[in-house]
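Trainee: model this:
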Amino acid sequence: MTEDLPSAWCCDGTDTYRPTPGARPRRFTTYVHDTGDVSLRIAPATLAALERPGYELAVTTFPGLEFEQREVVRTATTHESCDRFARKFMSLFEGVCERPADVESAVAYATEHLKPSSANDDVVVPTTE
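Mentor: The predicted structure is shown next:
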């Protein structure tokens with residue numbers, strides 16, 4: 001599945017764990033840009049799946065440095081959906097990042113274009129309490 005990644009990105013690792021023997025496996029995936037200045041991580045939204053099910057895509061700029069910044073870009077119900085968002089992020093990033101000085105603006109551009117629509121922000125969802 002890494003063959004369809006943009007050329008400047010690679011999969012840095014995948015992992016799966018089960019919180020309990022009978023539980024559904026939870027998956028993690030990390031992608032890193034060739035410069036090492038940007039990484040994407042797909043991980044469970046929380047380790048306790050009942051608290052907040054699903055996965056989140058997070059971007060980290062300048063990982064490992066004291067001024068690294070991490071931001072959650074998008075959440076999705078499944079790992080596969082989150083992986084599609086990650087690939088879209090990589091494509092958007094590659095489309096605007098022309099030199100190393102563009103890293104932060106390219107991350108901001110890709111993040112902004114992957115944010116969910118605010119069309120439903122004011123919708124009241126009934127609760128069953």
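
Trainee: tally of neighbours for the closest residue to residue 93 other than its chain neighbours?
Mentor: Closest residue in space to residue 93, ignoring its immediate chain neighbours: residue 110 at 4.5 Å, by CB to CB, 6 or more residues apart in numbering. All C-beta atoms are positioned from the backbone trio N, CA, C, and that covers glycine. By other CB atoms under 10 Å, 23 other residues sit near residue 110.

Trainee: contacting residues for the residue nearest the centre of the chain?
Mentor: The chain has residue 57 as the residue nearest its centroid, 1.9 Å off, counting by CA atoms, centre = their mean. Counting by CB atoms under 8 Å, 6 or more residues apart in numbering, residue 57 makes contact with 40-42, 72-76, 82, 85-86, 89, 114.

Trainee: how would you label it: helix, strand or coil?
Mentor: State at residue 57, reduced to three classes by DSSP: H, G, I helix; E, B strand; the rest coil: strand.

Trainee: end to end, how far does stretch 18-25 reach?
Mentor: 5 Å (CA to CA, to the nearest Å).

Trainee: any idea how far that stretch is from the chain center?
Mentor: 23 Å (CA atoms, centre = their mean, to the nearest Å).

Trainee: ok, now stretch 106-116?
Mentor: Using CA atoms, centre = their mean, the offset of stretch 106-116 from its chain centre is 11 Å.
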